[in-house]
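**Student:** turn this into a structure:
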Amino acid sequence: MARSDEINELIGQPRESLAVEVKDWLDPSIPGHKAKVVKALIALRNFNGGYLLIGFDNATMQPSKNLLRLICGTAKMCSFAHMTCTFDR
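**Tutor:** This is a model prediction of the structure:
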C-alpha cells in the first residue's frame, strides 16, 4: 500500500496501534503538550516508525472539536516534531 493510501485510510478511520498514536489538539508552546509529542514520537521510534495523528478525540476517534485551533497550530507542531525526532518508516 502506498504511503498516501495509508494516510488517507488512517484519517478516514483513525485507530491506535503500535505504529499509530492518536492525539487531540496539542500546543507545542505548552510544556505538557510538548512532552506528549516527544513521548509519542519516542514510542513510534521504538516500534521502528509510524504515524502521529493529531486532531482526533482519543476516546471517540472523531475529529477534534478544537479543529480551528489545530489548523492554526499545525505549522508550529510540524516544525517542533521535525526538530525533535526524524525517522523513516
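**Student:** mind listing what's buried in stretch 45-60?
**Tutor:** Buried residues in stretch 45-60, defined by neighbour count with 16 or more other CB atoms under 10 Å: 50-57. The way it works is simple: take the backbone N, C-alpha and C, and place the C-beta from them, glycine included.
**Student:** and residue 52, what does it touch?
**Tutor:** Listed by CB atoms under 8 Å, 6 or more residues apart in numbering, the contact set of residue 52 reads 21, 23, 37, 40-41, 44, 81.
**Student:** whoops, I mixed them up, residue 14
**Tutor:** Residue 14 neighbours (CB under 8 Å, 6+ apart): 20, 22, 53, 56, 61.
**Student:** ok, back up a step: filter the contacts of residue 52 down to the buried ones, ChimeraX style.
**Tutor:** Burial among the contacts of residue 52 is assessed by 16+ other CB under 10 Å; the matching ChimeraX selection reads:
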select :21,23,37,40,41,44,81
